[in-house]
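K.L.:
From the sequence below, what's the structure:
(2 chains)
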Amino acid sequence: MQQAKPDGITPSQTVGPYFAYGLTPNGKYDWNDAFNNNLVTPDTSGERIRIEGQVFDGDGAVVPDCMLEIWQADAQGRFSDPQDKRALTNTSFKGFGRIGTDAKGGYAFDTIKPGQVADPDGKPQAPHIVLAVFARGMLLHNYSRIYFDDEAANATDPVLALVPADRRSTLIATRQPGSGNAVYRFDIHLQGDKETVFFDV
Amino acid sequence: MTLVYPVQSLAAHPPRLSPAYKSTVKRSPSKPLIPMRHTLSELTGPVYGHETVRENDHDLTVQGKGEPIGERIIVHGHVLDEDGRGVPNALVELWQANSCGRYVHVVDQHPAPLDPNFTGAGRTQSDAQGYYRFITIKPGAYPWGNHHNAWRPAHIHFSVFGHSFVSRLVTQMYFPGDPLFPFDPIFNSVTDEKARNRMISAFDLENTKPDWALCYRFNIVLRGQSATPMENS
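P.N.:
Numbers count the residues shown, from 1 in each chain, chains lettered A, B, ... in the order given. Below is the predicted model of the structure:
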């Protein structure tokens, strides 16, 4: 169905301080979660990982009312979307996660290490997860990416190459020492000297 | 069909730093955003089936043991792309204050009553034509701490997923003729008047249900245009 051509897109507005009961109830409110922070399903292949960190504002204060969403490929670099013709229809891995930060600005996602996805020229990008950051005080969400510090492909990634060398580390999750499933640390700084790189997409 | 997502369309959005809305001052980037080409990671997005939405999730007036207090309303419209094409199967989530302007959220301590029969959260999926419909209660205005005597105009928060991760939208729907519009820094953070007006629903007498509920129409326009068809060479 075609309507009259709109005169533009609907502008973004902040999620505000009270989104949790609607978007991230997580057992605290009388509403069910459409999404959560565990992307791993029993039939998911690939390396199980956890990504955790905290969100900070321009004063270095933690942001306890932030919502993070991630979107990623499976371990073979395929997206669970019919627009990706290679997507498997028989897997329950959806590749999407959402969480609200806690009182200390903290968050964690349990997922799998994504595979490599080609760029528009067919050149492989380093494994990465795309990230959207929403919060009170943010009129429009910020778009970023999470890379991994143990991936040699970072050196030739075409998107990381766009980023000034001294800011690239803000996009790279660091593997924490320890046994068991890999845990990566990825802090998000909304503003300031350590500001996370955000992309204009 | 592969959609294209012109970056120019983003001009409709408010600037991230809008100092009249004080919380933006420490939460907006101070360094320039880095432009990049869209890759498959940006051009795809989550797809969820009907299992995500339960039968009555679109009707916020039947979630409690009894009926909520307030003015029952229908809010409906289409999720569209920039060419006016309906976006099918779009997940639409909403959350809002009750008729007294009070949110269920634990942080909201506005001294107005909670309604035991109203949570204020809903969810639906657009149909094959992009059409969606909610039944709810008209939310009240409420005070906030941004400046002296600051009140938010009545609004409903919407969260929408489109064809890709870059068409993701969180916005607020307002009601026509609200006297608080000139004083609200969040509404006015959208500097272009035409764009601002796209956040205001239209009173819809034709779809108002006699003796039951007023109706408001709110079309949600997401990023994405149809690609120019490729000539076969």
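
K.L.:
any idea which strand is longest in chain A?
P.N.:
Secondary structure of chain A per DSSP state E: the longest strand is strand A:48-56.

K.L.:
How far off centre is it?
P.N.:
10 Å (C-alpha atoms, centre = their mean, to the nearest Å).

K.L.:
Pull out the buried positions in it.
P.N.:
For strand A:48-56, a neighbour-count test (16 or more other C-beta atoms under 10 Å in any protein chain shown) marks A:Ile49, A:Arg50, A:Ile51, A:Glu52, A:Gly53, A:Gln54, A:Val55, A:Phe56 as buried. For glycine as for every other residue, the C-beta is placed from the backbone atoms N, C-alpha and C.

K.L.:
and what of stretch A:70-88?
P.N.:
Across stretch A:70-88, burial judged by 16+ other C-beta under 10 Å covers A:70-75, A:77-81, A:83-84, A:87.

K.L.:
Can you narrow those residues down to the ones near chain B?
P.N.:
Contacts with chain B within these, counted by C-beta under 8 Å from any C-beta of the partner chain: A:Trp71, A:Gln72, A:Ala73, A:Phe79, A:Ser80, A:Asp81, A:Gln83, A:Asp84.

K.L.:
Can you name the residues that contact the fourth one?
P.N.:
Think A:Phe79. Applying C-beta atoms under 8 Å, 6 or more residues apart in numbering or on different chains to A:Phe79 gives the contacts A:Trp71, A:Ala73, A:Ala87, A:Gly95, A:Val117, B:Leu40, B:Ser41, B:Thr44.

K.L.:
Excluding residues flanking it in the chain, which one is nearest the second one?
P.N.:
I take that to be A:Ala73. Counting by C-beta to C-beta, 6 or more residues apart in numbering or on different chains, A:Ala73 lies nearest to A:Pro114, which is 4.4 Å off, once chain neighbours are set aside.

K.L.:
For the one you found, give its distance to A:Ile99.
P.N.:
A:Pro114 is 18 Å from A:Ile99, where distance means C-beta to C-beta, to the nearest Å.

K.L.:
Tell me where the chain has helices.
P.N.:
All of this is about chain A. A:20-23 (DSSP state H).

K.L.:
try chain B instead
P.N.:
For chain B, helices defined by DSSP H occupy the ranges B:40-43, B:193-197.

K.L.:
List the beta-bridge partners for the spatially most central residue of chain B.
P.N.:
What sits nearest the mean C-alpha location of chain B, by C-alpha atoms, centre = their mean, is B:Phe158, with 2.7 Å. Counting by DSSP bridges, B:Phe158 is bridged to B:Leu94, B:Thr171.

K.L.:
can you tell me which residues contact it?
P.N.:
Counting by C-beta under 8 Å, 6+ apart, B:Phe158 makes contact with B:Val92, B:Glu93, B:Leu94, B:Leu169, B:Val170, B:Thr171, B:Gln172, B:Met173, B:Phe218, B:Ile220.

K.L.:
Can you tell me which of the residues you listed is closest to B:Phe187?
P.N.:
B:Gln172 (7.8 Å; C-beta to C-beta).

K.L.:
Show me the strands in chain A, by range?
P.N.:
A:48-56, A:66-71, A:96-100, A:106-112, A:129-135, A:142-148, A:172-175, A:182-185, A:188-189, A:199-200.

K.L.:
Can you pull out the residues in contact with the top strand by length along chain B?
P.N.:
Assignment by DSSP E gives strand B:72-80 as the longest strand of chain B. With contacts defined as C-beta under 8 Å, 6+ apart, strand B:72-80 is touched by A:1, A:3, A:6, B:61, B:86-87, B:90, B:92, B:94, B:126, B:129-138, B:156, B:160, B:162, B:173, B:201, B:204, B:207-209, B:212-222.

K.L.:
what do you get for stretch B:206-221?
P.N.:
Taking C-beta under 8 Å, 6+ apart as the rule, stretch B:206-221 contacts A:3, A:6, A:8-10, B:71-82, B:92, B:135, B:138, B:158, B:160, B:169, B:171, B:173, B:175-176, B:198, B:201-205.

K.L.:
Which ChimeraX command selects the buried ones in those?
P.N.:
Buried residues among the contacts of stretch B:206-221 (16+ other C-beta under 10 Å), as a ChimeraX selection:
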select /A:3,6,8,9,10 /B:72,73,74,75,76,77,78,79,80,81,82,92,135,138,158,160,169,171,173,175,198,201,204
